[in-house]
Every structure is written in C-alpha cells, then in structure tokens.
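[1] 3D model of this:
(chains A and B)
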Amino acid sequence: MTISEIQQIQVKGLFDTPVDLLSLTEKIPLGIIIFNTQKRIMLMNRSFEALCGFSMDVACGVSCFHIMRSRMCMHQCPVSQMDAHSEAISIESDIINKDRQLIPVLIQISPIKDANNDLVGFLETVEDLRPLKEVDSTTTHAYAFHNIIGKSSQMTQLFHRLPLLSQSDSAILITGETGTGKDMLAEAIHQASNRAKGPFVKVNCGALPETLLESELFGHQKGAFTGAVENKPGRFRLAHNGTLFLTEIGDLPLSLQVKLLTFLDDKVVYPLGSTKGFQANVRVIAATHRNINLMVKEKKFREDLMFRLNVVRLHLPPLRERGEDIRLIMDHFIHVYALRFKKDIHRLTKESLKILMHYPFPGNVRELRNCIEYAVNICQGNEIHPTHLPAYLAETEFFEKKFRMEENQNPQISSTTMPMETKEKTWASLERNMIIDALIQSKGRRNKAAELLGWGRSTLWRKIKFYHIDG
Amino acid sequence: MEKKILIPLFEDQVAPRFDLATEVFIVTIGTDEQITEKRTVVLPRASAEDLCHLILMEKIDTVICGGIEDEYYQFLKWKKVSVFDSVMGSYEEAVKFSISF
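    Residues are numbered from 1 along each chain as shown, chains lettered A, B, ... in the order given. As a prediction, the model looks like this:
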C-alpha cells in the first residue's frame, strides 16, 4: 500500500460523513504505529513522525525495527510471540531517533483482529517519557525513596537496594510491624519499576472470607456458582502488566495458598469455573506483620509458598529502632499538616520533643503521624506544647509497662514484633529466671514457689522439668 | 585507494541500533572496487564504547549503521571515520551501495 493510498483511507459509519483515518490519528498526542503481520509499517501518526524523525513516506512498508529502533526490537521483540488472542502489553524501553537522541519511551502493543478473529496486524503506541523523567529527577529528596523518608542506617541500606530491586520482576516479601509503611514501600517499588504505568492492585488477604477471596483474586466465570451472573476478571487479571500487592499474606487461607503457589510457578490464572487459563504478566509483592517463619513452623503457612515469595525479603524496622529518623519524620509531618491545615507551626517545644522521643510508638510511623496531626489540629500558636499532644503520650511509663505485659501474655503478638529467635531466648530465659527466683525466695519449697508465681503446682513441676532446673 | 567498511548487524540487516549490535561485518574494498576481504566479527557484548574501540583498532574508514547516539557519531567523525547512519535494509545491499557511492 502506498502513502497516497493510505492518505485516502476513510472511516465510514462512525460519523454521518466519512472521515480520513490519518486526520483522526493525528489528533492523538501519542505516537501511533500500525504494522502488518510481516512487521512492516502501514501507518504512523504525526506525533510518532515527530518523535522518531522519519516521515510517513520513508517509513511506509519498512520493517518496524528500522524505524522504531528501540532496545526491545533487538532484545526480545514481543510481537514475535503475539497472536490474535494475546493481551496488550506495555514495555518501558528507549529509542534512538533520527536526530541521534536516545529517548526513554513507554511502548504499548496490542494485536489487531479482523471480523473472523484472525490476526491482521498490530497497533503500537509510543509515549515519550522525557517529561516524566525530568519531573522524577526534580522531586527526589535527600534521605527519601518516593514518599518514604529516613536517614538511619537501616533505612539508608534499604533505599540503596530499592532502585535495583524495583527494576527486576522478582517476588518481594515485605515484613515489619504494623504502621511501619509496608503498603507505601510496595507502592514505591511499583512506581519505581518498569511497570509504573501499569496498574497497582492491592488485595487485603485478611479482609475477605475465604470463598469471596478466591473469586476476588482469581475471578470467576458466569454460572460458576449461585450468584455468579457475569464473568468477573479477578485481581490478578486486573493487575496484568502491573503489580499485585497482597497485604496480610499471613492471613491467606491454606487452600488459597496452594492456588497462589501454582500461579507463582506458571503465571497462569484459572478463574473459578473456567478451564481456560489466562497468562498474567504480574509482579507479586506480599506483605505481612506476622512472623512468617513461626507460622511455617506452626503449619499455618505453607513452607513452599514462603520460599517462593521470599525471593527478596525487605524488613521495615520499627520506629523505635530507627533513632534519628523519629525527629526527621516528626518535622516532616509538622510541615505537611501545618500546610494542609493552613497553620503557622514550625516546631515542637523541648518538653514536647522529650515526650515524643521517649514514647515507644507501638503503632510506629502511623501512630507518630496521628499524634502530629492531632497536635497540629489543637495547636493555636506556632509551637507544639505538651498540652497539644494526645494525653496518653505523657503516661509513657504506664504505656511501656502495658506494652510489655501484652507481649508476655500473648506470645503471638510478641513474635510479630521481634525476630523469633530473640523472643524465644528472652522469654524462655526470663521464665527460667522467674522460676529460680521464686524457688530461692521459697527456699526450695515448690508449693510456696508455685503460689508466688501464681501457677498451679503441676504447672510449676512441668516447667521445672522443661527447663531442666531440677537437673 | 583501499577502503575498509564496518556494518553492525542484526540478522541479515543493518542493525537498527549501533549500541546494541553484537555482530559486525567488516569488508575491505580494493582500488578496483572489488571486495578483497570480508569477515564477520562476533562481539562479546553489545556496547557502543567497545564498538568504537574496535573501529579504531581495525582502522575502519566508513561505518554504515542504523540509529547511533550523537555522542558516538561525533566521536567517530572526530576520529576521521565517515559515518552513514539511519541506513535501513540488508547489509549486502548496503555494501553494494557503498561501493558504487
């Protein structure tokens, strides 16, 4: 087909009168190329002409890679593997235009089918990413990765690793206490990855009952079960070409763990009631506040799934271990909320700072943020005084004690807050010492020691055996 | 005068990208405009810097390629290498064209 023939192609039936195909595509501010199954260019719009520097009459009939000149053309041309039923794919790459400039681009390719569902060609859109890259470079702050800030050594190490990890497609497991920023980290990784233009789909595995969760994740076919009145794509399919973030993965039922495991192996999603799989190009990021290793030991989490998710493990330290970061985050939130609430607040008084610095923040950054938001709301002047802070912060000692008591009473909670080995060692040695102390106090009389400990005699006897105290 | 030409390859075509070519075709054209020597060199990795180095080591007179970044284009020009870029088609056609040019 010659250029003059293409210029005469008209779209009929869309409007009352036919319109030129070329004039229609030229209104779109995105590079568009249409090429046939032999990968020869049939049409390209003016935006792409401007981007690549070749005019339509030069490019018409030429193999696409000679005009596109993108990295993907030479490494892994995705068109070679596409058929009429393939889904659209998007790839971040770069091209060298006729002016010898290297331009970062986002390329989206989808197959074009005729009325009989036969493949007739491909539609490719090319977006110039230079403006976006420039914005990225101006918004990068010191001590930060996207919206996460911190300058403690743990966070700095994490920030160093993140740009590299973002570029790969490996599964990531994020661990950390509640409020440490697991969701933000997952989103930041997505934003920094090649999938940034694709969707970021978040699923809370603990929020839905098992039956609903399966259909929510994998989708269902119409008629698969009572009430399935139409096809549902499922979150995996919705996250195609993007990232699927499974938060609270520790709460995922065992039956679904098997299904997730199968997906991670072959990347094919089988909706409920369907025999036909869908090849999903999805990166999986999982997060949990639970101690996965302990759950595996207790047979509550599949070991094989943990190994598959645990390709890269990122641990977000609790705020109390981040030292100098507390001050940095405090100042950040004061600035953010002062701006949002249109207040002229610049700092905390020494007393307020002392209270905040001594508080253990079991709710981590989220709790700190809420405290600052509350204080900025209440504060009328330009300094935050202790009276502006939530009242419970002043009762630090009481809170610390309460926090410790909860930890001791509920080993499951404590296991999530610190590595398992440390916890076991601490609690076991503590309990052993308690028994020895009680026995010393009671001068070896076990009845009296059991009374002192508040246990039954048999419990004490069992624990003495367990810790080999009678040895 | 004898002329040595280098063409980065992508299958049987002139490579669309100078920096991504892993194979090059080197041809020597004698004074009688006949090919006196031709060979294909497989590069250990795709790199524009390495390719520029090879061009200088081999004392190439002319490079025929597809897309090339301005940095490397200017470098080769500065080193008195003629560069014909944005060439599309088979490398054999490109050689024929350069002989008749």
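[2] what residues does chain B put near chain A?
    B:10, B:13, B:15-21, B:46, B:66-70, B:73, B:85-86, B:88-89 (Cβ under 8 Å from any Cβ of the partner chain). Backbone N, C-alpha and C define where each C-beta goes, glycine included.
[3] quick one: the helices in chain B?
    With DSSP state H as the criterion, chain B has helices at B:48-57, B:70-78, B:91-100.
[4] A:A391: which of those helices is closest?
    Closest to A:A391 of the helices of chain B is helix B:70-78 (Cβ to Cβ; 63.4 Å).
[5] just to revisit the earlier point, list only those of the residues of chain B next to chain A flagged as buried.
    Buried members of the residues of chain B next to chain A, counted by 16 or more other Cβ atoms under 10 Å in any protein chain shown: B:10, B:13, B:15-21, B:46, B:66-69, B:73, B:85-86, B:88.
[6] Which ones among those map onto strands?
    B:F10, B:Q13 (DSSP state E).
[7] Could the C-alpha coordinates of stretch A:159-166 be exported in CSV?
    What follows is stretch A:159-166, C-alpha atoms only, in CSV (Å, rounded to 0.1, in the frame of the first residue of the first chain):
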residue,chain,number,x,y,z
PHE,A,159,17.0,2.8,50.0
HIS,A,160,20.2,1.7,48.3
ARG,A,161,18.7,-1.7,47.4
LEU,A,162,15.3,-0.5,46.3
PRO,A,163,16.1,1.1,42.9
LEU,A,164,17.8,-2.2,41.8
LEU,A,165,15.0,-4.4,43.2
SER,A,166,12.4,-2.2,41.5
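[8] ok, A:D470 - contacts?
    A:I464 (Cβ atoms under 8 Å, 6 or more residues apart in numbering or on different chains).
[9] Just the local confidence number for residue 26, please.
    The chain I'm using is chain A. On pLDDT, A:E26 comes in at 78.
[10] wrong one, chain B
    B:I26 carries a pLDDT value of 95.
[11] Beta-bridge partners for it, please?
    Note on B:I26: beta-bridge partners by DSSP bridges are B:L6, B:R39.
[12] any idea how far it lies from chain A?
    20 Å (Cβ to the nearest Cβ, to the nearest Å).
[13] what's the weakest-modelled helix or strand in chain B?
    Within chain B, no helix or strand scores below helix B:91-100, which has a mean of 88 by mean pLDDT, DSSP states H and E.
[14] Run through who's touching it.
    B:5, B:7, B:9, B:12-14, B:25, B:27, B:29, B:33, B:35, B:62, B:64, B:84, B:87.
[15] Am I right that A:M44 is in contact with A:I28?
    No: contact criterion Cβ atoms under 8 Å: A:M44 and A:I28 do not qualify, at 11.4 Å.
[16] OK, contacts around A:D20?
    Applying Cβ under 8 Å, 6+ apart, the residues near A:D20 are A:Q7, A:Q8, A:I9, A:Q10, A:V11.
[17] again, 7 Å this time
    The contact partners of A:D20, by Cβ atoms under 7 Å, 6 or more residues apart in numbering or on different chains, come to A:Q10.
[18] does the residue of the stretch 1-150 of chain A found nearest chain B have beta-bridge partners, and which?
    With Cβ to the nearest Cβ, the shortest gap between the stretch 1-150 of chain A and chain B falls at A:I96, namely 3.4 Å. Counting by DSSP bridges, A:I96 is bridged to A:L102.
[19] show me the contacts for it.
    A:R69, A:L102, B:R17, B:G67, B:I68, B:E69.
[20] swap the cut-off to 10 Å and go again
    A:52-53, A:68-71, A:102-103, B:16-20, B:66-70, B:85-86 (Cβ atoms under 10 Å, 6 or more residues apart in numbering or on different chains).
[21] Do you know the pLDDT at residue 69?
    You didn't say which chain, so I picked chain A. 93.
[22] Chain B was what I was after
    So B:E69 comes in at 94 (pLDDT).
[23] A:R235 versus that one, what's the distance?
    41 Å (Cβ to Cβ, to the nearest Å).
[24] List the contacts of whatever residue of the stretch 251-400 of chain A ends up closest to chain B.
    Scanning the stretch 251-400 of chain A for the residue nearest chain B gives A:N281, at 23.2 Å (criterion: Cβ to the nearest Cβ). With contact set as Cβ under 10 Å, 6+ apart, A:N281 has these partners: A:E87, A:I89, A:S90, A:D169, A:R195, A:G198, A:A239, A:H240, A:N241, A:G242, A:K267.
[25] If we use 7 Å, what do you get?
    A:N281 neighbours (Cβ under 7 Å, 6+ apart): A:I89, A:H240, A:N241.
[26] So for those, which is the shakiest by pLDDT?
    For these, the pLDDT minimum is A:I89, 79.
[27] May I have the residues that are in contact with that one?
    A:P78, A:I109, A:N241, A:N281.
[28] swap the cut-off to 10 Å and go again
    A:P78, A:V79, A:Q81, A:M82, A:I107, A:Q108, A:I109, A:S110, A:G198, A:H240, A:N241, A:N281.
[29] Export the helices of chain B to CSV and append columns for distance to A:H220.
    Compiled in CSV, the helices of chain B are given as follows (distance: least, Cβ to Cβ, whole Å):
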stretch, distance to A:H220
helix B:48-57, 51
helix B:70-78, 54
helix B:91-100, 54
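[30] if we can go back for a sec, which one of A:M44 and A:I28 is surrounded by more residues?
    The neighbour comparison of A:M44 against A:I28 (other Cβ atoms under 10 Å in any protein chain shown) goes to A:M44, with 28 against 13.
[31] Wait, A:P360 touches A:L319, no?
    Yes: taking Cβ atoms under 10 Å as the definition, A:P360 is a contact partner of A:L319 at 8.6 Å.
[32] list residues touching both of these two?
    Joint contacts of A:P360 and A:L319 (Cβ under 10 Å, 6+ apart) are A:E367.
[33] Of those two, which one has the most company?
    Neighbour totals were compared for A:P360 and A:L319, and A:L319 leads with 26 against 15 (other Cβ under 10 Å).
[34] Of all residues in the stretch 151-300 of chain A, which one is closest to chain B?
    A:N194 (17.6 Å).
[35] ok, now which ones touch the residue in chain B sticking out farthest from the centre?
    The C-alpha centroid of chain B is most remote from B:D32, which lies 20.5 Å away (Cα atoms, centre = their mean). By Cβ under 10 Å, 6+ apart, B:D32 lies in contact with nothing.
[36] Relative to chain A, which residue of chain B is the closest?
    B:G67 (3.4 Å).
[37] Spatially nearest residue to that residue, not counting backbone neighbours?
    A:I96 (3.4 Å; Cβ to Cβ, 6 or more residues apart in numbering or on different chains).
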